[in-house]
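1. 3D, please:
(chains A and B)
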There are 2 protein chains.
Amino acid sequence: VLAANAAAAARVRSRLREAGTLVVNLIASPGAGKTTLLEATVAQLGERLRIGAIVGDIATERDADRLRRLGVPARQITTGGACHLDARQVEGALAQGGLDGLDLLLIENVGNLICPTSYDLGEDWKTVLLSVAEGDDKPFKYPGIFARAAFAVITKADLLPHVTFALDVARAQIAALNPEGRCIVLSARTGEGVDAWTGLLVAALAAKRAEISRSAEAARR
Amino acid sequence: VLAANAAAAARVRSRLREAGTLVVNLIASPGAGKTTLLEATVAQLGERLRIGAIVGDIATERDADRLRRLGVPARQITTGGACHLDARQVEGALAQGGLDGLDLLLIENVGNLICPTSYDLGEDWKTVLLSVAEGDDKPFKYPGIFARAAFAVITKADLLPHVTFALDVARAQIAALNPEGRCIVLSARTGEGVDAWTGLLVAALAAKRAEISRSAEAARR
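-> Numbering: from 1, shown residues only, chains lettered A, B, ... in the order given. Take a look at the predicted model:
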């Protein structure tokens, strides 16, 4: 299963590299705020970048509908019972068209902090979201995804006054699991911290495009 | 895998029926408040009932430690990477001793709204927890567990003023998925609603014991 997934992921990665599209795979528990972060991202970057989305859920088209309302091309993958997206599903969603020529493709995985961790979808990086309502002990309890995600986003910071969540405790766990990772704290609801996230995306897109140009240049020589 | 699990679940169920122990399998996303609900349950019932716990996590002994601090015998199952508990793990935890002669055995599953749904652990019933911070759209997005759980507990009600969560929307989805199920709203933090939950447990234990007596009586005749 994982070998077939890896082959499909390589095809997806190659296709999206050719298109110059930055691809981010968002992984989190149910209700950590993945769709809301996508909405906030579109609100900040939608006029500068062509953004598309692939959204995974066990059931319902609800999340894709939320994004389509913002004018974002969005494909919903409903997995039936499956607990994660795989690269063949992403390949299938791309083959349906409507997601070509994007600057940024955001893939919202099924709400699950465990199973999506092992599946490469052809993304440039994985991002893990952790809502402050979930508690500051979660990185050490779900170490796999926090070790693998290039970026950890602590969401729903507006709830910090109402919950028991020590930012320094969570940050220390994340740093221990992934010393090279970065951690951003934000509230998509109030907008606080969202610019740090969108700034990352813009910088990463520029870096990917520059790398693609250098490779093309080197190939011509 | 599921057949071997079913056989182990039958052995667990038989063993705990003989002991007259009520067994509840708690299933929820990471950070929905499973351990906090167990703590609140022990605080209300700990003097009247002998309560024990089996706690599943990918990593760390943290949740079992929280319960042991309250004087509750607790076995932690760390699954490595596995996304759910199975009945053989529960059987193994029981075989280690320390959980005999209980009135109530609370099994806290791995934080995951999807994978634990398919695994019978030998419990009397499954309970699903949904934190109001997760959003009122979750029952229809994760229909499997809401259809199967005899009881749905909406947790962290103290956060209702700070999040967008319509109780009637969530309740309607839960009722549609499981017309015979019951739904309780509580805050383990403030204690609001916890007595409805503990009342359920006490009544179910009495009903189980009465049923066991009737069976024994019928067998003697």
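
2. any idea of the pLDDT on the residue positioned nearest the centre of chain A?
-> With distances taken as CA atoms, centre = their mean, the residue of chain A nearest its centroid is residue A:26 (2.6 Å). Note on residue A:26: pLDDT of 98.

3. Mind listing what's buried along the longest helix belonging to chain A?
-> Ordering each helix of chain A by length in residues (DSSP state H) puts helix A:194-220 first. Of the residues in helix A:194-220, those buried by neighbour count under the rule 16 or more other CB atoms under 10 Å in any protein chain shown are A:194, A:197-198, A:200-202, A:204-205, A:208. Backbone N, C-alpha and C define where each C-beta goes, glycine included.

4. tell me the contacts of residue A:40?
-> Contacts for residue A:40 (CB atoms under 8 Å, 6 or more residues apart in numbering or on different chains) come out as A:188, A:191, A:194.

5. now do residue A:55
-> The neighbours of residue A:55, taking CB under 8 Å, 6+ apart as the test, are A:35, A:63-64, A:67, A:74-77, A:107-108.

6. Quick check: phi and psi on it?
-> Phi and psi for residue A:55, reported as degrees, to the nearest 10, are phi -120, psi 130.

7. Quickly note the distance from it to chain B.
-> Distance check for residue A:55 against chain B: by CB to the nearest CB, to the nearest Å, it reads 11 Å.

8. just residue A:163 next, same as before
-> Separation of residue A:163 from chain B (CB to the nearest CB) stands at 7 Å.

9. Is residue A:27 in contact with residue A:128, as I believe?
-> Yes: in terms of CB atoms under 8 Å, residue A:27 counts as a neighbour of residue A:128; the distance is 5.3 Å.

10. Pull up the overlap in contacts between those two.
-> Taking CB under 8 Å, 6+ apart as the contact criterion, the residues that touch both residue A:27 and residue A:128 are A:113, A:145, A:149.

11. Which one of these sits in the busiest neighbourhood?
-> For the shared contacts of residue A:27 and residue A:128, the largest neighbour count, defined by other CB atoms under 10 Å in any protein chain shown, is 30 neighbours, found at residue A:113.

12. So that residue lies in a strand, does it not?
-> No: under the criterion used here (DSSP: H, G, I helix; E, B strand; the rest coil), residue A:113 is coil, not part of a strand.

13. Please look at it and residue A:142 and confirm they touch.
-> Yes: A contact is recorded between residue A:113 and residue A:142 when judged using CB under 8 Å, the distance being 4.6 Å.

14. what's the overlap in contacts for the two?
-> Where contact means CB under 8 Å, 6+ apart, the residues bridging residue A:113 and residue A:142 through contact with each are B:30, B:111.

15. Near the nearest residue to residue A:98 once chain neighbours are set aside, how many other residues are there?
-> Take residue A:98 and drop its neighbours on the chain: the residue closest to it by CB to CB, 6 or more residues apart in numbering or on different chains is residue A:73, 4.8 Å away. By the criterion of other CB under 10 Å, residue A:73 has 18 neighbours.

16. quick one: residue A:73 from residue A:182, how far?
-> Here the criterion is CB to CB, to the nearest Å. By it, residue A:73 lies 28 Å from residue A:182.

17. same question, residue A:22
-> Look at residue A:22 and residue A:182: by CB to CB, they are 16 Å apart.

18. Those two: which is more packed in?
-> With neighbours defined as other CB under 10 Å, residue A:22 and residue A:182 compare such that residue A:22 has more, 25 against 15.

19. tell me the pLDDT at the closest residue to that one other than its chain neighbours?
-> Leaving aside its chain neighbours, residue A:22 sits nearest to residue A:205 (4.3 Å; criterion: CB to CB, 6+ apart). At residue A:205, the model reports a pLDDT of 98.

20. ok, residue A:205 - contacts?
-> Neighbouring residues of residue A:205 by CB under 8 Å, 6+ apart: A:22, A:49, A:103-104.

21. Please list the residues of chain A that sit near chain B.
-> Proximity of chain A to chain B, by CB under 8 Å from any CB of the partner chain, involves residues A:29-32, A:57-60, A:62, A:81, A:83, A:110-115, A:118, A:131, A:133-135, A:137-138, A:140-144, A:156, A:158-159, A:162-163.

22. Could you pick out the buried ones from those residues?
-> A:29-32, A:57-58, A:60, A:83, A:110-115, A:131, A:133-135, A:137-138, A:140-144, A:156, A:158-159, A:162-163.

23. Just the ones in helices from the residues you listed, please.
-> Using DSSP H to define helices, the subset of those located there is A:138, A:140-141, A:143-144.

24. quick one: which of these is nearest residue A:16?
-> Ranked by distance to residue A:16 (CB to CB), those are led by residue A:144 at 24.4 Å.

25. what pLDDT does that closest one get?
-> At residue A:144 the predicted local confidence, pLDDT, stands at 97.

26. So it sits against residue A:115, correct?
-> No: applying CB under 8 Å, one finds residue A:144 not in contact with residue A:115, separated by 9.8 Å.

27. Now do the shared contacts for the two.
-> Taking CB under 8 Å, 6+ apart as the criterion, residue A:144 and residue A:115 do not both touch any residue.

28. all strands of chain A, in order?
-> Taking DSSP state E, the strands of chain A run over residues A:22-28, A:51-57, A:74-78, A:104-108, A:125-131, A:151-155, A:182-185.
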